[in-house]
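K.L.:
Need the 3D shape of this:
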Amino acid sequence: MIHAIGVIEIKSIAKGMEACDNALKSANVRMITAHSVCPGKYEMLLTGEISAVQAAIDQVKYRYGHYVIDSVMLGRIEESVICALMGAQDQPKPGPIGIIETFTAASAIKAADTAVKTAEVEICDLRIARGMGGKGVVILTGGIGAVTAAVEAGSDYAKQQGLFAASSVMAAPHEDLFKYI
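P.N.:
Residues are numbered from 1 along each chain as shown. Sure, this is the predicted structure:
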């Protein structure tokens with residue numbers, strides 16, 4: 001059972017690997033994934049008890065603060081966000097879509113969690129970092145009102161962090177577009 005997820009992005013691959021090792025040794029956490037991402041950043045996702053994940057993030061921020069681009073700790077993360085991170089979400093039926101684009105993976109994951117907790121929406125896709133210059137994109141579907149509310153809530157989080165890139169709501173996307181989401 002995943003209790004909490006911590007996401008940390010470092011602006012150096014070498015220091016990112018070092019920080020990841022430090023995080024794993026500093027608290028009782030497990031690594032979900034850790035890898036380099038464009039453009040020369042290092043990203044790690046950790047899991048464990050909420051207090052342990054927070055302790056690992058705090059340790060990395062303390063020791064590597066000037067290398068940290070973004071970090072977030074998600075306690076009681078919505079199960080659909082975890083499924084989307086693992087690429088295990090069901091293919092939703094076509095309908096309105098909302099998109100939240102952020103400048104970091106951590107902010108995209110938090111925006112996704114905020115969005116699904118705000119309104120009755122499904123995550124079509126949650127893309128983080130790889131092949132996107134380190135950005136994150138959340139694609140949601142549901143009723144038009146729910147999608148609009150979810151996109152606004154997730155976007156507001158990213159805006160408050162200074163990590164918002166763009167958002168869009170499409171009430172009736174073309175069926176060919178929906179096939180390739």
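
K.L.:
what about residue 158, neighbour count?
P.N.:
25 (other CB atoms under 10 Å). (Each C-beta comes from the backbone N, C-alpha and C, glycine too.)

K.L.:
again but with residue 88, I slipped
P.N.:
9.

K.L.:
a strand runs through it, doesn't it?
P.N.:
No - Residue 88 is assigned coil when assessed by DSSP: H, G, I helix; E, B strand; the rest coil, not a strand.

K.L.:
ok, it - contacts?
P.N.:
Not one residue lies near residue 88 by CB atoms under 8 Å, 6 or more residues apart in numbering.

K.L.:
What pLDDT is listed against it?
P.N.:
pLDDT for residue 88: 71.

K.L.:
And it, how far from residue 117?
P.N.:
Remark: distance between residue 88 and residue 117 (CB to CB, to the nearest Å) = 19 Å.

K.L.:
In this protein, which helix is the longest?
P.N.:
Using DSSP state H to define each element, the chain has its longest helix at helix 144-160.

K.L.:
Show me what it is packed up against.
P.N.:
Under the contact criterion of 3 or more CB pairs under 8 Å, 6 or more residues apart in numbering; DSSP states H and E, helix 144-160 touches strand 97-102, helix 105-118, strand 121-128, strand 136-142, strand 164-170.

K.L.:
what does the shortest one contact?
P.N.:
Outside strand 97-102, the residues that touch it by CB under 8 Å, 6+ apart are 108, 111-112, 115, 121, 124, 135-141, 147-148, 150-151, 154-155, 158, 163-170, 173, 178, 181.

K.L.:
Show me which of those residues are buried.
P.N.:
Buried subset of those (neighbour count, 16 or more other CB atoms under 10 Å): 108, 111-112, 115, 121, 124, 135-141, 147-148, 150-151, 154-155, 158, 163-165, 167, 169-170, 173, 178.

K.L.:
Skip the chain neighbours and tell me the closest residue to residue 165.
P.N.:
Spatial nearest neighbour of residue 165, excluding adjacent residues (CB to CB, 6 or more residues apart in numbering): residue 101 at 4.1 Å.

K.L.:
center of the protein, which residue is that?
P.N.:
Relative to the mean C-alpha position of the chain, the nearest C-alpha, by CA atoms, centre = their mean, is the one of residue 109, at 1.7 Å.

K.L.:
need the contact list for that residue.
P.N.:
5, 7, 72, 74, 81, 85, 126, 128, 136.

K.L.:
Map the structural domains onto the sequence of the chain.
P.N.:
Per the record, the chain has its domains at 4-75, 84-179, by automatic domain parsing.
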